[in-house]
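Participant: A structural model of the following input is requested.
(one chain, ligands or ions: 1)
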Amino acid sequence: MEIAYLGPEGSYSHGAALAYISGATAIPMQSFSEVFEAVETGKIKMGILPIENSTEGAVTMVMDGLLHTKRAQIIGELVFEIRHHLLSTGKNVEDIQCVLSHPQAIEQCREFFRKNYPSIRLLASESSSQACITAKNKGITYGAIANKVAGERYGLNILSDQIQDNLMNQTRFIVIGRKETSATGRDKTSIAFSFHDDHPGSLYEVLREFAERDINLTRIESRPAKAELGKYVFYIDFHGHQKEVMIQEVLEKIQNITRWVKVLGSYPLSAEEGLQQRTRLGVV
Ligand SMILES: O=C(O)C(=O)Cc1ccccc1
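Facilitator: Residues are numbered from 1 along each chain as shown. Here you go, the predicted structure:
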């Protein structure tokens, strides 16, 4: 089973890909857009992308990318624990002048550096594992923020352990593919939509359709529509599958009150959310 991810080997996306399908053949890509494209064109069946972090919120590149897919849709999700470490070829943090990583990882450790090493420059890299390769080539004045596996793979020392600003640092990854999933009874659907015009109660009208049917929402976000200021695209995740009659009914209603709606995909709930839902229902 092939799955495209933001590489090279040892990135957080790589860890998430292997956690999603153990024994998967993970194919490294150079950017999130390449992951989208590999799946859109059918070159690779599946792709994995971070969509939301417990500290930093939405991964905006991926949220925006989902609006433009024609064939790729969300077919799965996974919540992955992120543990950042400060790695370098040297042995002393005092030697380090610049630290590289993916912008997401940098944001998740910014407070650590501000408090402890305010003179270190934090520089963006394509990914945390690419940061390790660059730091390795540059020598002891460079460090990288990455996970332990990457440190071992690229022969770097751990100079500081668990440097993320929030101990509990989780990222939700989505898995994209071209084949629609079947309903399992414990699914989630993601949609995006925007309104014709700005009038009082427009978002309320959409939310009412869910509330009236007792459908649980798990996430709501808005992003600029990339037109004038004040125009937004809304994203909603909710329990249920697009093949279920009640969900089809809701989608039809929403179609009538919005300018456009795009179903980004229906997929089984992540293990954590499935457990929460079953606990709520008194199953476990
Ligand atoms: O740079 C990486 O290793 C990635 O996979 C992107 C990323 C960075 C930080 C948290 C989750 C994903």
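Participant: mind listing what residue 135 touches?
Facilitator: Residue 135 makes contact with 87, 88, 89, 100, 142, 143, 144, 156, according to Cβ atoms under 8 Å, 6 or more residues apart in numbering. C-beta coordinates here come from the backbone N, C-alpha and C atoms, glycine included.
Participant: counting only strands, which of those residues make the cut?
Facilitator: 87, 88, 100, 142, 143, 144 (DSSP state E).
Participant: buried subset of these?
Facilitator: 87, 88, 100, 142, 143, 144 (16 or more other Cβ atoms under 10 Å).
Participant: give me the pLDDT for the third one.
Facilitator: Right, residue 100. Residue 100 carries a pLDDT value of 98.
Participant: pretty sure it sits against residue 125.
Facilitator: Yes: using Cβ atoms under 8 Å, residue 100 is in contact with residue 125, at 4.3 Å.
Participant: now the common contact residues for these two.
Facilitator: Joint contacts of residue 100 and residue 125 (Cβ under 8 Å, 6+ apart) are 131, 134, 144.
Participant: quick one, what contacts the closest residue in space to residue 231 that isn't next to it in sequence?
Facilitator: Nearest residue to residue 231 in three dimensions, chain neighbours excluded: residue 225, at 4.0 Å (Cβ to Cβ, 6 or more residues apart in numbering). Applying Cβ under 8 Å, 6+ apart to residue 225 gives the contacts 194, 231, 232, 233.
Participant: the first one - how many residues pack around it?
Facilitator: In other words, residue 194. Residue 194 has 19 neighbouring residues, counting by other Cβ atoms under 10 Å.
Participant: and the stretch 51-200 of the chain, which residues reach the ligand?
Facilitator: Counting by Cβ under 6 Å from any ligand atom, the residues of the stretch 51-200 of the chain close to the ligand are 82, 102, 104, 105, 127, 128, 129, 171.
Participant: for the residues you listed, give me TSV that also has secondary structure.
Facilitator: As requested, those are exported to TSV (DSSP: H, G, I helix; E, B strand; the rest coil):
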residue	secondary structure
82	coil
102	coil
104	helix
105	helix
127	coil
128	helix
129	helix
171	strand
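Participant: residue 70 against residue 40, yeah?
Facilitator: Yes: assessed by Cβ under 8 Å, residue 70 is found in contact with residue 40 at 6.6 Å.
Participant: neighbour-wise, which of the two wins?
Facilitator: A count of neighbours by other Cβ under 10 Å puts residue 40 above the other of residue 70 and residue 40, at 19 against 7.
Participant: which residue, other than its chain neighbours, is closest to the more buried one?
Facilitator: The shortest distance from residue 40 to any non-neighbouring residue, by Cβ to Cβ, 6+ apart, is to residue 72 (5.0 Å).
Participant: quick check: pLDDT value at the one you found.
Facilitator: Residue-level pLDDT assigned to residue 72 equals 98.
Participant: so how far is residue 116 from residue 141?
Facilitator: 17 Å (Cβ to Cβ, to the nearest Å).
Participant: returning to that earlier point: make TSV from the contacts of residue 135 and add distance to residue 163 to it.
Facilitator: As requested, these are arranged in TSV below (distance: Cβ to Cβ, whole Å):
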residue	distance to residue 163
87	10
88	12
89	18
100	14
142	16
143	10
144	11
156	14
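Participant: residue 211: neighbour count?
Facilitator: As a burial measure, residue 211 scores 11 neighbours (other Cβ under 10 Å).
Participant: where in the stretch 1-150 of the chain is pLDDT low?
Facilitator: Within the stretch 1-150 of the chain, no range satisfies pLDDT under 70.
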